[in-house]
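Engineer: No letters, just coordinates:
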């Protein structure tokens, strides 16, 4: 039962927060972050907030915010002090690595927030409640294939930087349009039509989505959470459940995928360290904002952001 998770989460949440703090301090120790760098690149803090809010309130990875911003830096769309150009100008593969890093923190907070709301506060309405077995199936089925697909893609698929950003532009545009369409198609979903159990056929689809989503996430730092959120909403699962599952799966994938870029020396630590506190703030705020705006308008605004940023990238 869901209530059985309550004591486990009460123990795990402070442990997870302590691990995040230790990881941040370890990265800070390795970085060259100074007061001058912080003053010149301060805008990555609100970028982190925005990315985490979109990621944790909709299930859409924060990379759909971070990567376009990094591309704008590369193309001169954002003015920064000349002395910081070397730090702030990222290659496409570095943008993906930094996006992985930021999401490890921001989506961790979002994942804990959703878990606390569902398992500890029992915030799901009576017609949205699903069993812990169903939540486990929805979460671990895509992870079972998504993690291997992510690792294999990182190990064996080598995409040139310029080609990578082109692929991201079209993927992001397709994602934004798809999310917008499904958001409005499902806006009148009746409570009696909501699903609270998963069928064997749906589990097979989730396994397939894990393969595709894991590979796409390896390339762009986003993908698997988006596919899951869209599919689960399309299958009439409660929106909160779909978003929570997408966030849980995404955070495990980004933590797994982070290490490839880290060991390759692709993570620009100074940028990540400025954005991470913002991502943590956004992770805390996301669920509350989702409740205030409502799932319809929140997902609509997120879709429009993704579409607009994709059009910007295609035009540059």
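Structural biologist: Thanks, I have it. Predicted model only: the values in this text are computed from it and were never measured.

Engineer: my read: residue 117 touches residue 125, true?
Structural biologist: No - between residue 117 and residue 125 there is no contact under Cβ atoms under 8 Å: 12.0 Å. For glycine as for every other residue, the C-beta is placed from the backbone atoms N, C-alpha and C.

Engineer: Output the below-cut-off pLDDT ranges for the chain.
Structural biologist: Low-confidence segments of the chain (pLDDT under 70): 1-4, 74-79, 83, 161, 186-193, 295, 316.

Engineer: Show me where this protein has its helices.
Structural biologist: Under the criterion DSSP state H, the chain contains helices at 5-30, 35-40, 44-58, 63-74, 85-88, 92-115, 132-156, 161-185, 200-220, 224-234, 239-263, 269-293, 295-315.

Engineer: want to throw the ones you listed into CSV with mean neighbour count and distance to residue 194?
Structural biologist: Below are these laid out as CSV (neighbours: other Cβ atoms under 10 Å; distance: least, Cβ to Cβ, whole Å):
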stretch, mean neighbour count, distance to residue 194
helix 5-30, 13, 21
helix 35-40, 14, 46
helix 44-58, 26, 18
helix 63-74, 25, 27
helix 85-88, 14, 45
helix 92-115, 27, 18
helix 132-156, 19, 12
helix 161-185, 17, 15
helix 200-220, 20, 14
helix 224-234, 26, 10
helix 239-263, 24, 9
helix 269-293, 22, 17
helix 295-315, 18, 13
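
Engineer: Make CSV from these and add distance to residue 121 to it.
Structural biologist: Converted to CSV, those look like this (distance: least, Cβ to Cβ, whole Å):
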stretch, distance to residue 121
helix 5-30, 9
helix 35-40, 36
helix 44-58, 16
helix 63-74, 28
helix 85-88, 40
helix 92-115, 10
helix 132-156, 15
helix 161-185, 26
helix 200-220, 26
helix 224-234, 21
helix 239-263, 12
helix 269-293, 10
helix 295-315, 18
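
Engineer: Who has more neighbours out of residue 117 and residue 125?
Structural biologist: Per other Cβ atoms under 10 Å, whichever of residue 117 and residue 125 has more neighbours is residue 117, with 16 against 10.

Engineer: List the single closest residue to that one in space, sequence neighbours excluded.
Structural biologist: Nearest non-adjacent residue to residue 117, counting by Cβ to Cβ, 6 or more residues apart in numbering: residue 123, 4.4 Å away.

Engineer: Would you mind listing the residues in contact with residue 287?
Structural biologist: 56, 57, 110, 113, 114, 117 (Cβ atoms under 8 Å, 6 or more residues apart in numbering).

Engineer: For the first one, list the residues it contacts.
Structural biologist: Pointing back at residue 56 there. With Cβ under 8 Å, 6+ apart, residue 56 has these contacts: 106-107, 109-111, 113-114, 243, 247, 282-283, 286-287.
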